[in-house]
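Enquirer: quick one, structure for this:
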Amino acid sequence: MKRSRVHVTGASGSGTTTLARALADAWSVPHADSDDYLFVPSDPPYVEQRDPQQRLDLMRALFAPRAAWVLSGSLVGWGEPVVEECDAVVFLQLGPEERLRRLVAREERRRDGGDYDPDAWLEFMTWASGYDDPAFEGRSLHGHEAWLAQLDLPVLRLDSRAPTSELLAAVLDWEPFSIRR
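Expert: Model (predicted):
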């Protein structure tokens, strides 16, 4: 198994970060999450977005030049130069009911002991609920499918209802990692 540069993407709540961390640990390579580059660190988090060029510059400074890494999240519309450096993309799909259930559970864990902004939570959940609507303007399944179709990279599609261990095994057993671009 050859360690590679892999982008793990999908809807919010589909398990991209969990799988990406597991893969990075299995390969002993860095894991990065697109939100850490998209947003300026703040409390509460996810309030102010960085300029797209600043995001790319930061990614290039911190991990992109390395021979192998795993990047989770979504780069659609701003991170294509980094995606061009990938060896493959893993796309996680999950039905909306389970995805939204996971998001609620994640938020409940984050709330313990921290500040909670109910308006920000409602805005986020409204945004996340739009993913399966083809007319939705934000990150959507329709947008991801169009983006994936234009990639000149191998794409592994996985149903993230499966346990992380099974998803990880599927990625580790996937043939494209023996071939470098």
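Enquirer: the strands in this protein, which residues?
Expert: Ranges of strands in the chain, per DSSP state E, are 5-10, 31-33, 69-72, 88-93, 155-159.
Enquirer: need the ones you listed in TSV with mean neighbour count, distance to V104 and mean pLDDT, can you?
Expert: For the C-beta atoms, the positions are set from N, CA and C on the backbone; glycine is no exception. As requested, the strands of the chain are exported to TSV (neighbours: other C-beta atoms under 10 Å; distance: least, C-beta to C-beta, whole Å; pLDDT from 0 to 100):
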stretch	mean neighbour count	distance to V104	mean pLDDT
strand 5-10	26	18	97
strand 31-33	19	20	97
strand 69-72	27	20	98
strand 88-93	21	18	97
strand 155-159	16	20	97
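Enquirer: if I look at the residue most central in space within the chain, how far off is E97?
Expert: With distances taken as C-alpha atoms, centre = their mean, G73 lies nearest the centre of the chain, 1.8 Å away. Distance, G73 to E97, using C-beta to C-beta, to the nearest Å: 22 Å.
Enquirer: on that earlier part again, could you redo the strands of the chain as JSON lines and give each row distance to D25?
Expert: Listed next are those as JSON lines, based on distance: least, C-beta to C-beta, whole Å:
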{"stretch": "strand 5-10", "distance to D25": "13"}
{"stretch": "strand 31-33", "distance to D25": "8"}
{"stretch": "strand 69-72", "distance to D25": "9"}
{"stretch": "strand 88-93", "distance to D25": "15"}
{"stretch": "strand 155-159", "distance to D25": "18"}
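Enquirer: out of those strands, nearest to A128?
Expert: strand 5-10 (11.9 Å; C-beta to C-beta).
Enquirer: kindly export that closest one (C-alpha atoms) in PDB.
Expert: Extracted C-alpha coordinates of strand 5-10, given in PDB (Å, rounded to 0.1, in the frame of the first residue of the first chain):
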ATOM      1  CA  ARG A   5      -2.400  12.500  -1.200                       C
ATOM      2  CA  VAL A   6      -6.100  11.900  -0.700                       C
ATOM      3  CA  HIS A   7      -9.100  14.200  -0.400                       C
ATOM      4  CA  VAL A   8     -12.100  12.800   1.500                       C
ATOM      5  CA  THR A   9     -15.200  14.700   0.800                       C
ATOM      6  CA  GLY A  10     -19.000  14.600   1.100                       C
END
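Enquirer: longest helix in this protein, please.
Expert: If you go by DSSP state H, the chain has its longest helix at helix 96-111.
Enquirer: now that helix: buried residues?
Expert: 96, 99-100, 102-103 (16 or more other C-beta atoms under 10 Å).
Enquirer: if we can go back for a sec, measure the nearest residue to the residue nearest to the centre of the chain once chain neighbours are set aside to A146 for me?
Expert: Spatially, and ignoring its direct neighbours in sequence, G73 is nearest to S34 (2.9 Å; C-beta to C-beta, 6 or more residues apart in numbering). According to C-beta to C-beta, S34 and A146 sit 18 Å apart.
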